[in-house]
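> what follows is a predicted protein model with its sequence.
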Amino acid sequence: MRFEVHTKDQHSSARTGTFTTDHGSVSTPIFMPVGTVGSVKGVYHRDLKDDIDAEIILGNTYHLYLRPGLDTLRKAGGLHKFESWDRPILTDSGGFQVFSLAKIRKISEEGCTFQSHIDGSRHIFTPENNVEVQRIIGSDIMMALDECCPGDADYRYAEKSLSLTEKWLGRFVEHFHRTDPLYGYDQCFFPIIQGCVYPELRRRAVENVVKYDADGYAIGGLAVGEPTEKMYEMLELVCPLMPKDRPRYLMGVGTPANILEGIARGVDMFDCVMPTRNARNGMLFTWNGVMNMRNAKWADDFSCLDSEGTSFVDHNYTKAYLRHLFIAKEMFASMIATEHNLAFYLDLVRQARAHIEAGDFASWKDEAVRRVSARM
């Protein structure tokens, strides 16, 4: 994977760039829609490309491993062919999903034993077989297996967790270099920087991961229960320590304001289920703030969903119409809301890129954060 930095903001750590994989190039900063089980819920791929212009999407190793399973994915020729997506794909190692299964998993030096949330069957992820699984999935960018430490963990737990992540990373990298891609195109991996909210652990984590000279680096274990201010503090600490010529990926974050603040601190890549999950519950993100589409105040509002015009290129659905669909429990409501939110998130990073290049990102960002954080 190749990465080139284009423009650096003079008043913050924001920057624009491009990384290139065998499935195409991606402009940064970028938001990556989450397609957990091989689809971005409720969105046609043609709309992801044409209306939303998603340059890269995610898949999740844990979910894909369980269903449809490795045999099906291998026979299909990997996830790109299985889901008919010809642009880049990044896969999470499944570490966060295993973290969320606290009652039905056991972590040891060997790996993580867990029960399937589908049928209760028992499985294990080791650093070695996690590489094998992601080889079969065939993502362009794979994440190294890690333990996601809770945001409220005490220092002793966080240090022990980081030590385990570091040992797993060494084994993951060794096995990655012993194996080859299966489908005729290159794959790369990103190590994950853990360490909870403890500066000395985060510094140690960065010093460890950069030894592997990876194509990019991920920041994990944030937005998992710690105060938002702590998340920003950790970003301000680790981003300057990370290689300047590699992309920086903040995992699982977040709100529009979180993304803008992350860009200002030097982050290049983001993903989060918030725009899609919240859409299905009637929450829309706009340039004028957040709307609950079930609210009666929208019943007779025939204005478009976003006065800035960023929701759709070819459609002009109104607030009243979308509220009606949600109240009527029509599945089309979730589809419209999901496409709108993803289009907004992609427009958010697109405008951030434009303002970085124009040289006024810092002042624009402060006003944009105020606007997108409002409740309508």
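Happy to help now that I have it.

> quick one: mean pLDDT for stretch 321-336?
Mean pLDDT, stretch 321-336: 97.

> start to end distance for that stretch?
11 Å (C-alpha to C-alpha, to the nearest Å).

> which outside residues touch that stretch?
Applying C-beta atoms under 8 Å, 6 or more residues apart in numbering, the external contacts of stretch 321-336 come out as 41-43, 279-280, 282, 284, 293-295, 298-299, 301, 305, 315, 317, 337. Quick note: C-beta positions are derived from backbone N, CA and C, even for glycine.

> of the residues you listed, keep whichever come out buried.
Neighbour counting with 16 or more other C-beta atoms under 10 Å marks 41-43, 279-280, 282, 284, 293, 298, 301, 305, 317, 337 as buried within these.

> I figured residue 240 hits residue 203, correct?
No. The criterion here is C-beta atoms under 8 Å, and residue 240 misses it with residue 203 at 10.8 Å.

> these two: which is more packed in?
residue 203 (15 against 12; other C-beta atoms under 10 Å).

> A helix includes that one, no?
Yes. Counting by DSSP: H, G, I helix; E, B strand; the rest coil, residue 203 falls inside a helix.

> which non-adjacent residue is nearest it?
residue 241 (6.7 Å; C-beta to C-beta, 6 or more residues apart in numbering).

> can you tell me how far that neighbour is from residue 127?
24 Å (C-beta to C-beta, to the nearest Å).

> report the buried residues of the top helix by length along the chain.
If you go by DSSP state H, the chain has its longest helix at helix 331-358. By 16+ other C-beta under 10 Å, the buried positions in helix 331-358 come out as 333-349, 351-353, 355-356.

> list the helices and strands the helix or strand following that helix packs on?
The C-terminal neighbour of helix 331-358 among helices and strands, as given by DSSP states H and E, is helix 361-372. In terms of contact count using 3 or more C-beta pairs under 8 Å, 6 or more residues apart in numbering; DSSP states H and E, helix 361-372 is assigned the packing partners helix 256-264, strand 289-292, helix 331-358.

> which of those sits closest to residue 161?
helix 256-264 (22.8 Å; C-beta to C-beta).

> point out where the stretch 201-350 of the chain drops to low pLDDT.
307-315 (pLDDT under 70).
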